[in-house]
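Visitor: Please work out how this folds:
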Amino acid sequence: MALETIDLGEGVRVSRIAKGNWQLAERHGPVFDHDAALEDMRAFVEAGVTLFDCADHYVGVEQLIGDFRRRHPGLASRLRVSTKLVPDNDSLARLKKADLEKIVDTSLARLGQERLDLVQFHWWDYRVPGYVQAMLWLKELQAAGKVRLLGTTNFDTGRLAEIVAAGVPVATNQLQYSVLDRRPERGMAAFCAQKGIRLLCYGVLAGGFLSKKWLGAPAPAEPFANRSLIKYRLIIEEFGGWARFQDLLGVLDRIAAKHRVALASVAARFILDKPGVAVLLLGARNAAHLPEMLEVLKVRLDDADRAAITALADTAPGPLGDCYDLERVEDGAHSRIMWKNQNTRGAGAR
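Guide: Residues are numbered from 1 along each chain as shown. Coordinates of the predicted model:
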């Protein structure tokens with residue numbers, strides 16, 4: 001089956017389903033076998049998944065993808081890599097162009113590329129000035145041939161507008177978007193559509209919570225297996241709690257049965273069909289998840305399906321605010337779980 005593809009700009013054409021690699025970051029979960037991980041990557045590219053997403057602070061992941069590219073140069077020629085550039089929170093006040101260039105050069109060396117396909121920039125603290133200047137420095141590195149496309153991740157609409165107004169050619173914006181979290185619909189999606197910015201969406205399956213295995217299950221108790229589950233359990237609470245979440249799973253399950261697909265495939269396709277959405281970043285620790293990912297592209301939701309999902313989601317009290325607003329509330333539940341100095345302290349998390 002030929003996978004749906006989309007052009008992100010400058011001829012960077014990728015599959016609309018991407019392999020997210022957060023789960024391969026050190027300290028995220030169980031230790032994995034290096035060679036097995038490379039063979040799993042081979043299976044994804046051979047199946048037509050031609051975008052891998054990573055970050056400078058997903059400890060070990062850029063190097064792992066670089067190892068894959070060096071081992072399989074033929075497949076590497078078909079692969080595009082989107083990485084994130086996330087300066088540590090403690091470094092923001094003293095950030096210089098040379099610091100950004102060093103991060104870019106490090107990513108180039110790890111990935112084994114002469115030019116990065118897509119660099120997505122994040123800034124932890126708006127109270128510290130400098131994010132617009134940082135993007136302008138990245139524009140200079142783009143002009144120097146080190147970066148093909150520039151993107152952002154986890155900015156709100158107002159700050160992204162500042163960056164665009166400064167003349168930065170933003171090609172993509174990576175954000176959290178799911179049937180549980182429709183904050184992008186409060187202005188961000190419309191702004192990006194107006195400016196021709198493609199949306200790359202993570203959290204689409206809420207760390208695995210949007211799955212039939214949770215239908216009818218009691219609310220899980222801590223400790224959770226990984227930080228992803230902690231993060232999205234909080235989103236479920238913002239959505240209205242476990243009972244409302246169960247109602248949503250019930251709607252998704254009925255639609256899944258109608259189309260003879262997995263509940264998760266319905267939840268993912270609902271977002272893939274949203275205006276402006278270019279790519280879904282689906283976390284996949286290994287190739288065992290590949291068939292589930294590819295099934296998303298087979299699903300064709302009708303108007304009645306979308307209306308049923310929307311009607312239930314519209315009853316939810318939250319999450320409120322613009323994109324990543326909750327995650328920026330100082331000492332808030334969503335902020336406290338963030339590791340904001342991952343590059344210097346070796347924590348593999350978003």
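Visitor: what residues are up against residue 246?
Guide: Residues in contact with residue 246, defined by CB atoms under 8 Å, 6 or more residues apart in numbering, are 215-216. For every residue, glycine as well, the C-beta is placed using N, CA and C.
Visitor: and it, helix, strand or coil?
Guide: Using DSSP: H, G, I helix; E, B strand; the rest coil, the structure places residue 246 in helix.
Visitor: Then residue 150?
Guide: In three-state terms, and counting by three-state DSSP, residue 150 is strand.
Visitor: In the sheet, which residues pair with it? Tell me.
Guide: residue 119, residue 170 (DSSP bridges).
Visitor: List the contacts of it.
Guide: Per CB under 8 Å, 6+ apart, neighbours of residue 150: 118-119, 121, 135, 138-139, 142, 168-171.
Visitor: what does residue 208 give?
Guide: Per CB under 8 Å, 6+ apart, neighbours of residue 208: 228-229, 232.
Visitor: Among those, which are located in helices?
Guide: 228-229, 232 (DSSP state H).
Visitor: from these, which has minimum pLDDT?
Guide: Scanning the ones in helices among the contacts of residue 208 for pLDDT, the low point is residue 228. It has 85.
Visitor: burial of the nearest residue to that one once chain neighbours are set aside, as a residue count?
Guide: Nearest residue to residue 228, sequence neighbours excluded (CB to CB, 6 or more residues apart in numbering): residue 207, at 3.8 Å. Neighbour count for residue 207, taken as other CB atoms under 10 Å: 25.
Visitor: Return the residues in contact with residue 207.
Guide: By CB under 8 Å, 6+ apart, the contact list for residue 207 reads 226, 228-229, 231-232, 283.
Visitor: Just name the closest of those residues to residue 238, please.
Guide: Closest to residue 238 out of those is residue 232 (10.1 Å), distances taken as CB to CB.
Visitor: Might one say that the closest one is in contact with residue 206?
Guide: Yes: Residue 232 is within contact range of residue 206, at 4.0 Å (criterion: CB atoms under 8 Å).
Visitor: what distance separates stretch 58-71 from the centre of its chain?
Guide: Offset of stretch 58-71 from its chain centre (CA atoms, centre = their mean, to the nearest Å): 18 Å.
Visitor: How about residues contacting that stretch?
Guide: 21-22, 24-27, 34, 37-38, 41-42, 52, 54-56, 75-76, 79, 81, 83, 107, 109-113, 342, 346-349.
Visitor: which of these count as buried?
Guide: Neighbour-count burial within those applies to 21-22, 24-25, 37-38, 41, 52, 54-56, 75-76, 79, 81, 83, 107, 110-113, 342, 347-349; the criterion is 16 or more other CB atoms under 10 Å.
Visitor: Which ones among the residues you listed lie within strands?
Guide: Taking DSSP state E, the ones among the buried ones among the contacts of stretch 58-71 that sit in strands are 52, 81, 83.
Visitor: residues contacting the second one?
Guide: Right, the one you point to is residue 81. Residues in contact with residue 81, defined by CB under 8 Å, 6+ apart, are 51-54, 65, 111, 113, 116-118.
Visitor: Next, find the distance separating it from residue 326.
Guide: Per CB to CB, to the nearest Å, residue 81 is found 29 Å from residue 326.
Visitor: With the first one instead?
Guide: From residue 52 over to residue 326 the distance is 28 Å, taken as CB to CB.
Visitor: now swap in the last one and tell me
Guide: Distance from residue 83 to residue 326, counting by CB to CB: 25 Å.
Visitor: Check residue 175 too.
Guide: Residue 175 is 13 Å from residue 326, by CB to CB.
Visitor: Which of the buried ones among the contacts of stretch 58-71 fall within helices?
Guide: Per DSSP H, these map to helices at 37-38, 41, 75-76, 107, 110-111, 342.
Visitor: Most widely separated two among those residues?
Guide: It's 75 and 342 that sit farthest apart of those, by CB to CB, at 28.4 Å.
Visitor: where do the helices sit along the stretch 201-350 of the chain?
Guide: Ranges of helices in the stretch 201-350 of the chain, per DSSP state H, counting those that start in this stretch, are 227-239, 242-259, 263-272, 290-295, 303-313, 333-336, 342-345.
Visitor: model confidence over the third one, on average?
Guide: Averaged across helix 263-272, pLDDT comes to 98.
Visitor: Flag the shaky bits of the chain, pLDDT-wise.
Guide: Where the chain drops to pLDDT under 70, the residues are 1, 27-30, 345-350.
Visitor: and the residue positioned nearest the centre of it, what does it touch?
Guide: With distances taken as CA atoms, centre = their mean, residue 202 lies nearest the centre of the chain, 3.2 Å away. Residues near residue 202 by CB under 8 Å, 6+ apart: 20, 53, 174-177, 281, 283, 350.
Visitor: at 6 Å instead, please
Guide: Counting by CB atoms under 6 Å, 6 or more residues apart in numbering, residue 202 makes contact with 176, 281.
Visitor: sorry, back to before: who wins for neighbours among the contacts of residue 207?
Guide: The most crowded member of the contacts of residue 207 is residue 232, carrying 23 neighbours; neighbours defined as other CB under 10 Å.
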